[in-house]
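Asker: requesting a structural model of the entry that follows:
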Amino acid sequence: MILTFQKLKRREKAYQSAQLPVTIRDQVPEMLTLDYMSSEGSDSEDENGIFRRVRKFSWESSLATKIKKTLDQVYRSNIATANAKRQLVRTVIDNEPSSRPIPEGCPSWINVFSAPVQ
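Answerer: Residues are numbered from 1 along each chain as shown. As a prediction, this is how the structure comes out:
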């Protein structure tokens, strides 16, 4: 839970300085809550060093995933201090999706299973 909270705080900082299109920028705060932060497993190590497995939500839209990746990149590139960058661990998407259910009231642009608006 601590790792997930730290991830949320990093994305909130990145959101403040990210250059996002206005149409998307206004929606991003809806996903900046713990409900939309993927679960992280424990650290592992391979020939490339230490990594952390992340379970993606099966219900998360490609737009939501792209925004999260953008915020993570903004944080690493523009905000993180040298010390913070050293503490960031490489993440690997787990083949097994997260079993966490869709949050109540999940916006349709985040939830791929939402019925299309007519």
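Asker: what about residue 95, how many residues close to it?
Answerer: Applying other C-beta atoms under 10 Å, we find 8 other residues in the vicinity of residue 95. From N, CA and C alone the C-beta is placed, and that goes for glycine too.
Asker: quick one: it is in a helix?
Answerer: No: read with DSSP: H, G, I helix; E, B strand; the rest coil, residue 95 is coil and lies in no helix.
Asker: find the helix or strand that residue 50 is a member of.
Answerer: Using DSSP states H and E, residue 50 sits in strand 49-55.
Asker: elements contacting the following helix or strand past that strand?
Answerer: Downstream of strand 49-55, the first helix or strand assigned by DSSP H and E is helix 62-74. Packed against helix 62-74 by the contact rule (3 or more C-beta pairs under 8 Å, 6 or more residues apart in numbering; DSSP states H and E) you find helix 2-17.
Asker: and the contacts of the helix it packs on?
Answerer: 28-29, 32-34, 37-40, 52, 68, 71-72, 74-75, 78-80 (C-beta atoms under 8 Å, 6 or more residues apart in numbering).
Asker: can you select the buried ones from those residues in PyMOL?
Answerer: This is the PyMOL syntax for the buried subset of the contacts of helix 2-17, where burial follows 16 or more other C-beta atoms under 10 Å:
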select buried, resi 28+32+37+38+39+40+52+68+71+72+74+75+80
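Asker: tell me the contacts of residue 90?
Answerer: Listed by C-beta under 8 Å, 6+ apart, the contact partners of residue 90 are 48, 49, 50, 51, 52.
Asker: skipping adjacent residues, who's closest to the last one in space?
Answerer: In this case it means residue 52. residue 89 (4.8 Å; C-beta to C-beta, 6 or more residues apart in numbering).
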